[in-house]
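[1] Got a sequence here, can you build the structure:
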Amino acid sequence: MRFTRACMFVGLVGVLGACQSTLVPSIAPSEGTIQPSVSATPPPAAELQITPTEAASTATSWPTQPPTNTPYPTMSWTTSSHLEVIAHDSKVVARFGLGRFSDIELSSAGNRLAIAGSTGVSVLDPETFNEIWHGNTESSATDIEFSPDGALLASSMPAGHIAIWNTATGELERTFAMTNYQEAHIQVAISPDNRLVAAKGYLPQTLVWDIATGAEIYKLPGMTEFSMDLEFSPNGELLISNQGAAEYAWGLLVWRVSDGYEVLRLENYVSKVTFTPDSKKLLLGYGAAEIDLRPEIEHYEVADYHDTWWQWAGWAPDLESYVCFGLGCSEQPDLAVGKEVSAAIYDRKTGTAIKILEAAPQASYSFSSSGDFIVGASGKYYNQSHLYIWDAHTGKLLHDLPTDLGGDIIWFPRGNTMFALSFYDQALAAWDVSSGQILRMLRGSGEIEKVEWSKDGSTLMGWWYQFNSAQPSRYVALRWNAETQQVSELFDVPYPDAGILPSSSLRAGWSDRTVVISDSTSGESFDLLRHNAPILQVAWASDGSRVASAAKDQTVILWDIKNKSPQFTLRALTGHIRDVEWSPNNRLIAVAAGDEVSVWDTTTGERWIQFSQHVGIVNAVSWSPDGRMLALGMEDAAVILWNPSTGTVEDILRQHSGATLDVAWSPSGNLLASGSSDGSVIIWRIK
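    Purely as a prediction, here's the structure:
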C-alpha cells in the first residue's frame, strides 16, 4: 500500500496486453541468493517503554525474533550483467492503462495503428481499437514509424535507443543506440526495402544503420537542433531531414543513400516536405517550391519558387493542389479580403487560388484521403480547441466542432476516416469527417498513484489524477474485473482514505504535527501530540488498537489508541518516509524511507531487519496475506519480492517503464498488482 503522490499528468483508460520483450539489461542482484550482511551498529532501544497492546493473533507462523541486542542484518545489492535470484513462476496476468500518448502512426495498408507513449508501443486494430500486441522495452516511446510495406515498426526512446519491431508478431527484431545521447525526442525512418533505419534527434548528426547486421552505415552531418521530419524517398535512393537551421526556421538536408553524399542543403524556412510517388520531385512547403530529383544531377536546386512564406499547409492526395493558411500564400492580394491572412486551396504548378475556405481560422490543415474534405485543427492550452471541416470542392464550412480531439491528425488510406490525438487531454479518436461524428475513442491514463483490491479479490482499482483542460480536475479510477478481464473507467469513486479504519467508525487524520482520532458514530475526537515535524501519513493496525504516524523528521510513532499515548518511536530512518504498513498479524511494521525498507517488531519497538539496495528510492511496500513476503515498489520501475525472515530477494519483476508507485497483494496472495508513473497497472501471478 502507498499513499498519495502528487501528479499533474492527463489521460484516460485503455486495456493493454503483456509483452515479454526487454531492451536494455537492468541493474539486478548478483548471482545466486542475496545474503544479508551484518551491520556493526546495534538496533536503537525503544524510546518509550510503555506496555504494548497485544495485537490480534492470526494463523501466521512468524520466524523467531532475533535477540534484542543482536545487530540487525543490512541487505545490499551488487551490480550484475544478468538477473539470477530465487526463481518464482511470476508472470504478467493482465495490464491496463495506456499511459500518456506521444505519437500515432498508421500503416500504409491501414490495418495497423501504432501508438507511442509512456508505457512503450501499442499496436491496435484501427477498425476496433482492440490491441494486437504491446511492445514493452521498460522505457517510454517518443516517436514511431512504419516501414513503407508495414512489415516493420521503428520506435525511439529516451537516451537515444531505437527499437525495430515485427508488426505481425510483435517481436523485437533489433535495437540500436545513439552514443552519448540523452535527449528524449528522436525521429526515425525505415527504408522501402526494410534494409536501413535512420534516426535524428537534437544532435546535429543523422545516423543510419543496417537493420540485419546492426552495423552503423553513416553518421551524416546536419545543421542543429530538432528534426521535424525524416524520410526516405519512395524508391529508397534519397534520405531527407527537415531540421532546425536557426531560431524559428527550418532547413532541409538531402543525402544520397548509396554513398551518404549530401546533394542539397537549404537553410530557408522549409515545411511540409513531400515526395511525389515516382520519386522524381520533392515538394517543399514554402511557396509551392519543387526540386527535380533526376539521378544524374550532382547538386539539386529549387525550381518554381514563388518567393512566398507560408505555413499550416497540407497537400491534396494527388499532390496537384495544396491548402494554405498564412502570410503570402499567393501573390493575389484580393484573397486576403482585407485581412492579414488567408486560407485557400491553390494549384501547385501555378500558385493560383482555386477555392477560398469559408470562415477559415488559423489552423493546421490537411486533406482527407478521398480528397473530398479538408480538416483544420486549432488548439489552445487551457481553452477549448476546435476542429473545422470543409467541403474541398466548394470551400464551404461543414462543421465547427469544439473539441480537443484534433491534434496530430493521420488519415485512413481509404474513405474519410481520420485519427486525431489530443496531447493535452490524452485521448485518441476516430472521426467520420463527412458527418463530423466520433466513431470510437481511446483514452490514456496518468500516473497510477494507488492500487487496491476488493475484499473478495474479484476487482482491482487503480487511481490517477486527471488534470483536464475543459473540465474540473479530479481523480479517475480504473476498475479491472478479474472474471471478465474488462476495464471500466469510474469518476464517482472517492480516492481511498488511509486514515479510515475498515469496518469501523474510527478515522485517523492529522493537522501539522498532531494526529487526530475521530469517531463518526459518537462524534468524539482526541489529539495525539508528540511529533517534532509535520506528519506525512498514518496507518492503522488491522485490529484498531494502534495507529502509526510518520513525520518529516524521519520518525514513526506507534500510538496506543486505548491509552491515547505513544507506545514506541521508531528512529534511525535515513530518508523521506514514503510508506508504512503493518503486517497482517500486526506483529511487525514495514517502513519505506529513502532507499531502505526496515521491518520493526511492534512489541519491542526494535528494528528486526533492513533492506538497503542503494540503487533507488522505495516508493511503496505491501505485505503478502500470509505475512511472509514484502513487495517493494521501486523508483527504478522494478517490483521486488523480499522475504524478511530470510533476508533474501526472491524475485524482481520488470515490465513498467516508469517508477512503481504502489503495490498491493490480492486477498488470496497469488496475484500482485503494481501501479506506475507510466500510467499502467500490471497484475502479476505469484507462485
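[2] Identify the residue spatially nearest to the residue positioned nearest the centre of the chain, adjacent ones excluded.
    When C-alpha atoms, centre = their mean is applied to the chain, the residue found nearest the centroid is S118 (1.8 Å). If you skip the residues right next to it in sequence, S118 has G99 as its closest partner in space, 3.6 Å away by C-beta to C-beta, 6 or more residues apart in numbering. Heads up, the C-betas are built off the backbone N, CA and C, glycines and all.
[3] who's in contact with the one you found?
    Contacts here follow C-beta atoms under 8 Å, 6 or more residues apart in numbering; on that basis G99 touches G11, G117, S118, T119, S140, G444, S445, G658, D678, G679, S680.
[4] re the thing from before, the residue nearest to the centre of the chain touches A637, doesn't it?
    No - with contacts defined as C-beta atoms under 8 Å, S118 does not count as touching A637, sitting 11.2 Å away.
[5] ok, back up a step: separation between the residue nearest to the centre of the chain and H656?
    Using C-beta to C-beta, to the nearest Å, one gets 10 Å for the distance from S118 to H656.
[6] Overlap in contacts, those two.
    When contacts are counted by C-beta under 8 Å, 6+ apart, S118 and H656 are jointly contacted by D678.
[7] how far away is the residue nearest to the centre of the chain from T394?
    Distance from S118 to T394, counting by C-beta to C-beta: 42 Å.
[8] returning to that earlier point: to which secondary structure element is the residue nearest to S118 assigned?
    When elements are assigned from DSSP states H and E, G99 belongs to no helix and no strand.
[9] Quickly note the distance from it to W165.
    Where W165 is concerned, G99 sits at a distance of 18 Å (C-beta to C-beta).
[10] give me phi/psi at G160?
    Backbone torsions of G160, given as degrees, to the nearest 10, read phi 80, psi 20.
[11] let's number from 29 now, not from 1
    Renumbered: residue one is now 29, and that last one reads G188.
[12] Settle this for me: it is touching Q233, isn't it.
    No - counting by C-beta under 8 Å, G188 stays clear of Q233, with 11.1 Å between them.
[13] between those two, which one's more packed in?
    Using other C-beta atoms under 10 Å as the criterion, G188 and Q233 rank with G188 on top: 21 against 15.
[14] Stretch 454-473: how far from the chain's middle?
    20 Å (C-alpha atoms, centre = their mean, to the nearest Å).
[15] any idea of the mean pLDDT in it?
    Stretch 454-473 shows a mean pLDDT of 89 in the predicted model.
[16] can you pull the contacts of the residue nearest to the centre of the chain?
    Shown in contact with S146 (C-beta under 8 Å, 6+ apart): G127, R128, S130, S168, S685, G686, S705, D706, G707.
[17] any idea which element the third one lies in?
    Remark: S130 resides in strand 129-134, with elements defined by DSSP H and E.
[18] List the pairing partners of that strand within its sheet, with orientation.
    strand 141-145 (antiparallel) (DSSP bridges).
[19] Starting from the partner strand, tell me the next helix or strand along the chain.
    Defined by DSSP H and E, the subsequent element after strand 141-145 is strand 148-152.
[20] name the helices or strands packed onto the very next helix or strand once past that following strand?
    For strand 148-152, the succeeding helix or strand toward the C-terminus, using DSSP H and E, is strand 159-163. Packed against strand 159-163 by the contact rule (3 or more C-beta pairs under 8 Å, 6 or more residues apart in numbering; DSSP states H and E) you find strand 43-44, strand 148-152.
[21] Tell me which of those strands sits most buried.
    strand 148-152 (a mean of 26; mean count of other C-beta atoms under 10 Å).
[22] Paired strands for that one, with orientation please.
    For strand 148-152, the paired strands and their directions (DSSP bridges) read strand 141-145 (antiparallel), strand 159-163 (antiparallel).
[23] Which one of the ones you listed lies nearest to D428?
    Among the strands paired with strand 148-152, the nearest to D428 by C-beta to C-beta is strand 141-145 (26.8 Å).
[24] So what touches the closest one?
    Contacts of strand 141-145 (C-beta under 8 Å, 6+ apart): 126-135, 149-154, 157, 168-172, 174, 181, 183-184, 447, 456, 472, 707.
[25] Just the buried ones among those residues, please.
    The neighbour-count criterion (16 or more other C-beta atoms under 10 Å) marks 126-135, 149-152, 154, 157, 168-172, 174, 181, 183-184, 447, 456, 472, 707 among the contacts of strand 141-145 as buried.
[26] Which of the helices and strands in the chain ranks last by mean pLDDT?
    Counting by mean pLDDT, DSSP states H and E, the chain has its least confident helix or strand at strand 65-66, which shows a mean of 30.
[27] so which strand or helix has I617?
    Secondary structure assigned from DSSP H and E places I617 in strand 616-621.
[28] Direction included, what does the helix or strand that that strand is followed by pair against?
    Tracing the chain C-terminally past strand 616-621 and defining elements by DSSP H and E, one meets strand 624-629 next. Strand 624-629 has its sheet partners listed here by DSSP bridges as strand 616-621 (antiparallel), strand 634-640 (antiparallel).
[29] would you list those strands in TSV and tack on mean neighbour count and distance to Y350?
    Written out in TSV, the entries for the strands paired with strand 624-629 read as follows (neighbours: other C-beta atoms under 10 Å; distance: least, C-beta to C-beta, whole Å):
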stretch	mean neighbour count	distance to Y350
strand 616-621	26	58
strand 634-640	23	62
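[30] The ones you listed: which one's closest to L529?
    Taking C-beta to C-beta, strand 616-621 is the member of the strands paired with strand 624-629 nearest to L529, at 15.8 Å.
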